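Engineer: need the 3D shape of this:
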Amino acid sequence: MDYSVKGRDIYVSEPDLDLDETLDCGQAFRWKKTDSNYDCTYEGNFLNEHLRVSQIKKGEFIFHDTSENDFISKWINYFDFETDYTELKKLFSEDGTLSKACAFAGGIRLLRQDSWECLISFIISQNNNIPRIKGIIDRLCGHYGGSFPDVNQLSGEDADSLGYLRSGFRAKYIADAASRVSRGETDLSAIAEMPIDQARTELKKILGVGPKVAECVLLFGMHRTEAFPVDVWIKRVLAEYYPDGFPEFARENAGIAQQYLFHYIRNLG
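Structural biologist: Predicted coordinates:
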């Protein structure tokens with residue numbers, strides 16, 4: 001990744017990023033596509049820091065109205081710019097199916113999200129579609145003045161007081177997660193450092209957090225790239241292409257490989 005500063009804009013060159021593939025693929029839910037004169041423009045938030053970013057053309061981007069300090073301290077990490085995805089895709093391409101998946105959606109990057117926001121977001125995501133997930137999260141942030149509530153704020157809620165979210169059965173799960181984290185019963189920072197199986201067990205102690213949500217939190221909120229969320233699409237991939245198991249050489253970064261496979265198989269129909 002290379003960048004240059006022009007006034008309050010940061011111009012970025014990164015061949016392994018596509019905004020549509022990365023920001024609208026179901027790994028984060030606070031990004032919205034807006035009208036612009038560029039290929040595409042998104043506005044969104046990370047830790048309640050707002051960003052407008054445009055794709056000028058393939059591999060070329062503008063991070064609008066952003067200081068160099070903010071770009072270095074926040075956005076380089078968030079977009080995982082210090083990871084060489086060209087090398088990762090080269091590694092994955094030792095496998096025929098992964099090679100096709102990487103060629104199909106080579107601009108996907110793993111966003112390094114906040115573990116607390118990620119936990120609540122993926123609790124909301126259960127048995128839900130992306131527009132509805134975004135709507136619930138918009139209502140949650142709107143209730144707290146446009147910001148994603150921190151643990152202390154949300155720990156004062158219960159299933160009834162969260163009725164404004166219109167999130168159904170998920171409200172009691174949100175309340176349980178907030179209660180556990182605020183009491184220190186669930187320590188997200190500690191979980192992020194645990195051996196992966198222990199981390200999975202700890203996350204699943206939260207009401208409503210099953211295997212898929214736990215894997216998503218580990219992958220997207222804690223950057224545990226060995227985590228491997230499995231939904232109906234990935235079950236299909238595993239059954240059809242990997243009946244003898246996922247390739248051993250890719251398991252260290254199986255979660256990133258999963259993102260390419262998910263996008264590929266879902267668009268094959």
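Engineer: bridging residues for the spatially closest residue to E43 that is not a sequence neighbour?
Structural biologist: Once flanking residues are discounted, E43 sits nearest to R52: 4.8 Å by C-beta to C-beta, 6 or more residues apart in numbering. C-beta here means a position set from N, CA and C on the backbone, and glycine is covered the same way. Beta-bridge pairing for R52 (DSSP bridges): E43, H64.
Engineer: contacts for stretch 246-253 next, please.
Structural biologist: Residues from elsewhere that reach stretch 246-253, judged by C-beta atoms under 8 Å, 6 or more residues apart in numbering: 88, 91-92, 94-95, 98, 225-226, 228, 238, 254, 257.
Engineer: and with 7 Å instead?
Structural biologist: With C-beta atoms under 7 Å, 6 or more residues apart in numbering as the test, stretch 246-253 has contacts from 88, 91-92, 94-95, 98, 225-226, 254, 257.
Engineer: please apply the same query to stretch 110-127.
Structural biologist: Applying C-beta under 7 Å, 6+ apart, the contact partners of stretch 110-127 are 22, 27-29, 47, 77-80, 133, 136-137, 148, 151, 167, 170, 173-174, 177, 181, 188, 192, 208-209, 213, 216-217, 220-223, 256, 259.
Engineer: list buried residues within those residues.
Structural biologist: Buried members of those, counted by 16 or more other C-beta atoms under 10 Å: 22, 27-29, 78-80, 133, 136-137, 148, 151, 167, 170, 173-174, 177, 181, 188, 208-209, 213, 216-217, 220-223, 256, 259.
Engineer: now, which of those residues lie within helices?
Structural biologist: Secondary structure from DSSP state H places 22, 78, 133, 136-137, 151, 170, 173-174, 177, 181, 188, 213, 216, 222, 256, 259 of the buried ones among the contacts of stretch 110-127 in helices.
Engineer: pipe the contacts of stretch 246-253 into a markdown table and attach neighbour count, secondary structure and distance to F71 per row.
Structural biologist: As requested, the contacts of stretch 246-253 are exported to a markdown table (neighbours: other C-beta atoms under 10 Å; DSSP: H, G, I helix; E, B strand; the rest coil; distance: C-beta to C-beta, whole Å):
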| residue | neighbour count | secondary structure | distance to F71 |
| --- | --- | --- | --- |
| L88 | 20 | helix | 23 |
| L91 | 17 | helix | 28 |
| F92 | 23 | helix | 28 |
| E94 | 11 | coil | 34 |
| D95 | 18 | coil | 35 |
| L98 | 24 | helix | 31 |
| T225 | 20 | coil | 23 |
| E226 | 14 | coil | 29 |
| A254 | 19 | helix | 30 |
| A257 | 25 | helix | 28 |
